[in-house]
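Peer 1: pasting the sequence and the predicted model now:
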Amino acid sequence: MVVILSAANGKLILEPDENEWWQVVLEMDGHRRSLGAERRSTIVEGLHRALCEEPAGPASGMLDGVRVYPALSLAESHSTLHVGEQLGRRLLFIQADDGSLVARLLLDADDLTRWRGQVDGVSTFSEFLGLGSRIPTRKDIQGVEYDWLAVDSEGVVGILSTAGGGLVPDAVLQNIDAFEPAIDTVLALPACTSADCTKELSADLTNTWRLVAERGLFAFDSDYCGGPYERIATPHNPVMLEDLPESVREVVRKVVLRNVRFRTAKEITAAAITT
C-alpha cells in the first residue's frame with residue numbers, strides 16, 4: 001500500500017518495502033528524491049508530530065527565518081523533517097544529511113486535514129493491510145514482513161520475524177495490532193546486556209534484532225518461502241517476562257511456546273509453534 005501525501009508544491013510518497021520499513025520519497029517538479037527509510041510506526045509517529053494542531057517541544061532552530069521543530073529523522077539517506085508555522089500555513093522543511101535544505105512543503109488547512117486522515121489510515125498494521133475490524137488470516141500477511149513476540153517454556157522472551165513467510169500462531173493473528181507498539185516499547189528501553197548477532201546490516205540501517213537482543217530478548221528470523229525460524233541474535237543475559245514493562249507483558253503472555261526453550265533452540269519449527 002503506497003501512501004501519497006500531496007501538497008500544493010510537492011508530494012511525500014511512503015512506499016513499504018520487504019523489511020516492514022517505509023521508504024520516504026519526495027516528488028517535486030517532476031523529480032523524485034529518496035529521503036530515507038524507517039519503521040512504519042516511527043514514520044507515523046513523526047508525521048503525527050508534524051501534523052498536530054500546533055508544533056510542540058523544544059525548537060530545533062531557524063530555517064528560512066521560521067522557527068522549526070523536529071518531526072522525523074530517517075535512516076539510509078539520513079534526511080530530517082522539521083515543522084514550522086508561517087502566516088497560518090504549516091511548513092514542512094526537509095534537510096539532507098549535510099544540513100542543506102532540500103525542500104519546503106506548504107500545507108494549508110485542507111492539506112493538514114487530508115494528510116492526518118491518510119496517516120491515521122495506516123497507523124496500525126491492520127489498517128495498513130486494509131482489514132478494517134476483521135481478524136487477519138495467515139494468507140492476509142503472507143509476503144509481508146511482520147515481527148511478533150512470544151514467551152517460551154522457561155519464561156524467556158523472544159522476537160520472531162516472519163520475513164513474509166514464517167508461520168504466525170493464532171494468538172498473534174487475534175492481536176495483530178498489539179505487537180508493534182510492544183516492540184517499540186522494548187526498543188525504547190536502555191540496553192541491559194551484550195549480545196551476539198549473526199545477521200549484520202549496513203551501518204545506515206537499524207538492526208532491530210541486535211537491539212532487542214541487547215535488551216535481553218532472543219531474536220529469530222524466518223524465510224520468505226516459509227520454513228523454520230532460525231536464531232540470529234542471542235543476549236548474553238536474557239531477561240524474563242516479568243522483567244519487562246507491564247504493557248509488554250500483557251501482549252507477550254498471550255503467545256506461549258510451551259515446547260520451546262529459546263536458550264537452546266537454534267531453530268523453531270511450525271510444529272513447535274502450533275502445539
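Peer 2: Thanks, I have it.
Peer 1: just the pLDDT at residue 204, thanks.
Peer 2: Model confidence at residue 204, given as pLDDT, is 62.
Peer 1: just the helices in the stretch 101-250 of the chain please.
Peer 2: Here the stretch 101-250 of the chain has its helices, by DSSP state H, counting those that start in this stretch, at 109-120, 125-129, 138-141, 170-173, 179-187, 208-213, 246-252.
Peer 1: any chance of TSV for the ones you listed, columns mean pLDDT?
Peer 2: Formatted as TSV, the entries for those read as follows, by pLDDT from 0 to 100:
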stretch	mean pLDDT
helix 109-120	91
helix 125-129	78
helix 138-141	87
helix 170-173	95
helix 179-187	93
helix 208-213	94
helix 246-252	97
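Peer 1: tell me where the stretch 51-200 of the chain has strands.
Peer 2: For the stretch 51-200 of the chain, the strands defined by DSSP state E, counting those that start in this stretch occupy 61-63, 66-73, 80-86, 89-95, 101-107, 147-152, 157-161, 195-197.
Peer 1: by mean pLDDT, flag the weakest helix or strand of this protein.
Peer 2: Every helix and strand in the chain was compared by mean pLDDT, DSSP states H and E; the lowest is helix 125-129, with a mean of 78.
Peer 1: thinking again about what came up before, for residue 70, find the nearest of the helices of the stretch 101-250 of the chain.
Peer 2: Each of the helices of the stretch 101-250 of the chain was scored for nearness to residue 70 using C-beta to C-beta, and the closest is helix 109-120 (17.2 Å). Any C-beta I mention is one placed from the backbone N, CA and C, and that applies to glycine too.
Peer 1: may I see the buried residues of the least confident helix or strand of the chain?
Peer 2: Along helix 125-129, these residues count as buried under the neighbour rule (16 or more other C-beta atoms under 10 Å): 125-126, 128-129.
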